[in-house]
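In: got a predicted structure plus its sequence, pasted below:
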There are 2 protein chains.
Amino acid sequence: MSADRSKIQWNGWGAAGFKNPLAAREEVWTWLATQLGMPSLLATPARPLDEIALTDSRLIPADIEKFTALLGADRVREDKYERAFHALGRSYHDLLRLRAGDLSLAPDAVLYPRGADEVLAVLAYASEAGIAVVPYGGGTSVVGGVSASKGSLRAVVTLDLSGMDRVVDIDTVSLTATAEAGIYGPVLEKALAAKGLTLGHYPQSFEFSTLGGWIAHRGAGQQSRRYGRPQDWLVGAKLATPCGLLATEGFPASAAGPRLADLAIGSEGVFGVVTEATFRLKPVPAAKDYRGYLFRDFATGIAAIRQATQEGLSVAMLRLSDAEEMRFYRAFGAVGRRLDLMSRLTGAYLEARGFTDNAAMLIAGFEGGEIEVRQSRKRFAAIAKRLGAISAGGGPGKRWYEGRFHGPYLRDPLMDRGVGVDTLETATSWSKLDGLYVAVRAALEKSIGETAPRPGARGIVMCHVSHSYPDGASLYFTYIFPRALDGEIAQWRAIKTAASDAIAANGGTISHHHGVGEDHLPWIAKEKGDLGIAVLRAIKQTLDPEGILNPGKLIPPTTQP
Amino acid sequence: MSADRSKIQWNGWGAAGFKNPLAAREEVWTWLATQLGMPSLLATPARPLDEIALTDSRLIPADIEKFTALLGADRVREDKYERAFHALGRSYHDLLRLRAGDLSLAPDAVLYPRGADEVLAVLAYASEAGIAVVPYGGGTSVVGGVSASKGSLRAVVTLDLSGMDRVVDIDTVSLTATAEAGIYGPVLEKALAAKGLTLGHYPQSFEFSTLGGWIAHRGAGQQSRRYGRPQDWLVGAKLATPCGLLATEGFPASAAGPRLADLAIGSEGVFGVVTEATFRLKPVPAAKDYRGYLFRDFATGIAAIRQATQEGLSVAMLRLSDAEEMRFYRAFGAVGRRLDLMSRLTGAYLEARGFTDNAAMLIAGFEGGEIEVRQSRKRFAAIAKRLGAISAGGGPGKRWYEGRFHGPYLRDPLMDRGVGVDTLETATSWSKLDGLYVAVRAALEKSIGETAPRPGARGIVMCHVSHSYPDGASLYFTYIFPRALDGEIAQWRAIKTAASDAIAANGGTISHHHGVGEDHLPWIAKEKGDLGIAVLRAIKQTLDPEGILNPGKLIPPTTQP
């Protein structure tokens, strides 16, 4: 297998060898306790795997014999680490359970197929035998997209696609490539770069997620403004289903009825298993330029993004942190460090220019040919200047770029100290964006206050605009809060519910790029409508009549609670 | 009703008052006869409506009473003109039948609803009463998309949406608008222009087609490179179905499962009736610049389009005629006219520069801000020059732009003279484009020869690249041929089948922007796959369980012939 699971954390984020230097800096935790209105932060370490007992497998010997005959013994795994690794995704909700040793959702076995034929054979047997199958790419879902639920079936296996990671073809004339779905981001981009090409899909999970996962959960890379989302770059996909292989159309454009490839995007493994995809490429950009602009406030920064996007500026990314997010990360990074003279002078200068605590930082990323990058940067700088922004130079851009995949690593040390940290995201039109921002922020703050472990405890709610479109933008919220140690799951659910209700009531989508999974099920029926859900159910019934694929994700159960 | 049907031809193209000056120029017809290898061209006039008898309506009095109660008497039409007008679309195949007086597919009545509620009520009654319903926008389908087939039901009504043409909202912050589906192109663009905005969707049928039709048949405007196709500009749609209203998502982007709006696009009235849509706008361009470039041959012109598209040049349109298309239209326009000195000198110059009969003309259209247009034009000129092209100046661009909606008017005088003219179109990746071009051209020429009315008779097969994408392009074929007057429908079908088989065998889609309708049904199962068709059937079964909506379109019957 190309991806060594033992080198990836089973109950935390990313590389098992990664050590966060933050963990040892006591002054940081003292400062954070104050921020959260807590007298101190408690040590809340994760339970080690050897202390946790797994329930017995619900598979019968005939199942294992069959899977072994289909795949080979080394590709049918029943050991504790494999089962624990594949039990859940990597959301805050998942980590709460994994760290507490709750492995009740561990799959009964993990299967590693080597090709679409093997996937089809597994699905055919599982359909006949009544075994649930959870398709699994990198497993980085933060919405419960890979929880190994057996639904109403007798057992569940996880189908780990990481053994299917070949690049099948690169068409340098049409600028498209075809690859197996289990290929990891870095492996794919390396193969493309050898031909001077890139897909350019870089979600924060890039290092640990796969092509098939990107398609199945309908996500977006950080530079989607330039490189597009799966609906932009996917030419066609192969979907292995219990009823056979569905190979969708593969044309640059077509008027031959609804595009079936669009049904694979966001299908979250409930219609079939994405086994292969053909996708559009761009040349590796000759130039990249990331830099910061300081706006007086969030609203002015949003105005700049809207103007740039609607004028069709060639930008790869426009990312605007609100005042809270900017303040928190600056303070967090500065704890226990003496501000140097330059920083103090800069602070004084900004204050004199009217940049108060409301200031918002925008990171603008430009990628492409040298001339294109230079021209776009100039045009954006002119927009920013007209709106009273100040250039913060290349420093903030460089820092953001270098740390662009590191955010999730912060979560583990926080969780070791009784601190919760979760994120959620949404999108709406420009005309509804401010209302949505205010409502979700208020809902989060209120709910965090109401579920706090002691009076006076409070959360830190931060937001940034992460993706923009001519007609609207996404909002990404990060919230840090003291955990209610006697009811952590209930606290998570209360906060999540409050925020999601606010999203639904204010014209936002329940997810801009994380997906639906299990966590967003309560809101999906409202968003799609009853008839819309009926359509999704009919598609599933056609492709997966026994309902073995990824039970409990995307489509709400027929009988509403 | 905002669109007066009496001012649109019931058995030909466009405005009833339009007189083609060509018809009276006998020398043109003599010349054309020679080109087609015919001794002369026969007069083959269309039968006037008053000579044609319509079959009796199959509706019962209770149906008419119900429809009248729902819509009002003036919106339930049973007169001969209305029934004839709505019998078929406006393809060559349709015109053959209409001109011959074959009105066997005339609907039993034509209904003009004024809103989604009325559409829902009609669908509910029709479902219960077993009456087929054919949704109808402008009726310009050229693939049999609006044929009033009753399928296996007892009667059929056409639901003409042209009474639903209100602009509901224009959001100048988000640059989106919402309008009812029956609004005609010019009415919509006029309302948008009043706010300085445009949708920019200008198919050749623009003057006679509607917003709902553009969405339902998944077409493309001539400037789709800049303004996008429905899958790019549609934010959300309302689809009235026999099971109720399906209002799809309306977000700039979302990861909340497959996008239902994508199922409305290309649904061709078989899932529901598009009653309203929200779509993205752009500012009315400050500048437009259309001009011609002469390439040594078709392949070199294609190379220029590929390069410009893959480099991301801001172009509205790149349209490249092959040598046959260019030769035909030049000769056709020059028949009986003496070439002036300038034209003769130009011809000599081009010959000296190596531009032979293989030369291909490219019309490049640039739209946008003044600077954007100037920069893009320069960049494209540089690409063209490097490939050895010669600028033909603004003349060809101006002539193309002025005549951009007039092409279909040429068909009627040709059909008056025993000449057939049909078009078909496809798309594929750049790496397959040349093979597809050669194969379809050969299939057309061979089939036209085989079905010719006499030995030595031949067709004229022309092609142009009409739309381009970073990964491929579309090919649009026009073919003119002497009609086999004793078997015109069989001749049409033989030629269509030969070309479509060649498309399917050479990696093309059966339609790039015309749709599926009835005419492309034999090829859709291969393109979508059996499982894909099963998915489309399941969706239809969910939304239209009685199968009343647009029988015989898009989805092949369960039992294959």
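Out: Nice, I can see it.
In: drop to CA atoms for contacts and neighbour counts, all remaining ones
Out: OK.
In: doesn't residue A:490 make contact with residue A:96?
Out: No. The pair residue A:96 and residue A:490 fails to qualify as a contact (Cα atoms under 8 Å) at a distance of 11.2 Å.
In: of the two, who's got more company?
Out: residue A:96 (20 against 12; other Cα atoms under 10 Å in any protein chain shown).
In: so what's that one up against?
Out: Neighbour list for residue A:96: A:488, A:489 [criterion: Cα atoms under 8 Å, 6 or more residues apart in numbering or on different chains].
In: next to chain B, which bits of the stretch 251-400 of chain A? Give me the list.
Out: Within the stretch 251-400 of chain A, the residues that sit near chain B (Cα under 8 Å from any Cα of the partner chain) are A:251-260, A:262-268, A:280, A:282, A:310.
In: one more time with 10 Å, if that's ok
Out: Applying Cα under 10 Å from any Cα of the partner chain, one finds that the stretch 251-400 of chain A approaches chain B through A:251-268, A:279-283, A:306-307, A:310-312, A:314, A:368-369.
In: can you say which of the residues you listed are buried?
Out: Among these, those scoring as buried are A:251-268, A:279-283, A:306-307, A:310, A:314, A:368-369 (criterion: 16 or more other Cα atoms under 10 Å in any protein chain shown).
In: quick revisit: narrow the residues of the stretch 251-400 of chain A next to chain B to those in strands?
Out: Among these, the ones falling in strands (DSSP state E) are A:279, A:280, A:282, A:283, A:368.
In: quick check, nearest of the residues you listed to chain B?
Out: residue A:280 (6.9 Å; Cα to the nearest Cα).
In: correct me, but the closest one touches residue A:199?
Out: Yes. Between residue A:280 and residue A:199 there is a contact under Cα atoms under 10 Å: 6.7 Å.
In: intersection of neighbour lists for these two?
Out: Taking Cα atoms under 10 Å, 6 or more residues apart in numbering or on different chains as the contact rule, residue A:280 and residue A:199 both touch A:175, A:176, A:177, A:227, A:228, A:233.
In: need the max-distance pair from these.
Out: Maximum pairwise distance in the shared contacts of residue A:280 and residue A:199, criterion Cα to Cα, is 15.5 Å, between A:177 and A:228.
In: how far away is the residue of chain A most remote from its centre from chain B?
Out: Outermost residue of chain A with respect to the C-alpha centroid, by Cα atoms, centre = their mean, is residue A:352; its distance is 39.4 Å. To chain B, residue A:352 is 33 Å away according to Cα to the nearest Cα, to the nearest Å.
In: check what pLDDT that residue gets.
Out: We have a pLDDT of 75 for residue A:352.
In: state the distance from it to residue A:295.
Out: 14 Å (Cα to Cα, to the nearest Å).
In: ditto for residue A:49
Out: 47 Å.
In: out of the two, which sits in the busier spot?
Out: Comparing residue A:49 with residue A:295 by other Cα under 10 Å, the one with more neighbours is residue A:295, at 29 against 17.
In: ok, the residue lying closest to the more buried one once chain neighbours are set aside - how many residues close by?
Out: Nearest residue to residue A:295, sequence neighbours excluded (Cα to Cα, 6 or more residues apart in numbering or on different chains): residue A:389, at 4.5 Å. Neighbourhood size, residue A:389 [other Cα under 10 Å]: 24.
In: just residue A:420 next, same as before
Out: 24.
In: tell me who's in contact with it.
Out: Neighbours of residue A:420 in contact, by Cα under 10 Å, 6+ apart: A:92-93, A:96, A:411-412, A:414, A:459, A:479-485, A:488, A:491-492.
In: buried among those? Make that a PyMOL selection.
Out: Provided next is the PyMOL selection string for whichever of the contacts of residue A:420 are buried by 16+ other Cα under 10 Å:
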select buried, chain A and resi 92+93+96+411+412+414+459+479+480+481+482+483+484+488+491+492
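In: just the ones of the contacts of residue A:420 in strands?
Out: Per DSSP E, the contacts of residue A:420 map to strands at A:479, A:480, A:481, A:482.
In: now the residues you listed as CSV including pLDDT and distance to residue A:133?
Out: Shown next, in CSV, are the ones in strands among the contacts of residue A:420 (pLDDT from 0 to 100; distance: Cα to Cα, whole Å):
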residue, pLDDT, distance to residue A:133
A:479, 98, 33
A:480, 97, 34
A:481, 98, 35
A:482, 97, 36
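In: closest one of those to chain B?
Out: residue A:479 (20.8 Å).
In: the closest one contacts residue A:464, correct?
Out: No. Residue A:479 lies out of contact with residue A:464 (Cα under 10 Å); the separation is 11.7 Å.
In: which neighbours do these two share?
Out: residue A:325.
In: taking the stretch 301-450 of chain A, what residue is nearest to chain B?
Out: residue A:430 (5.0 Å).
In: confidence score at that residue?
Out: 98.
In: run a quick neighbour tally on it.
Out: Using other Cα under 10 Å, the number of residues around residue A:430 comes to 24.
In: what residues are up against the closest residue to it other than its chain neighbours?
Out: Of all residues not flanking residue A:430 in the chain, residue A:472 sits nearest, at 4.3 Å (Cα to Cα, 6+ apart). If a contact means Cα under 10 Å, 6+ apart, then residue A:472 has A:305-306, A:309-310, A:427-433, B:173-176, B:251-253 as its contacts.
In: tell me which of those fall in helices.
Out: A:305, A:306, A:309, A:310, A:430, A:431, A:432, A:433 (DSSP state H).
In: can you pull the contacts of residue A:121?
Out: A:66, A:67, A:70, A:71, A:113, A:127, A:240, A:241, A:242, A:244.
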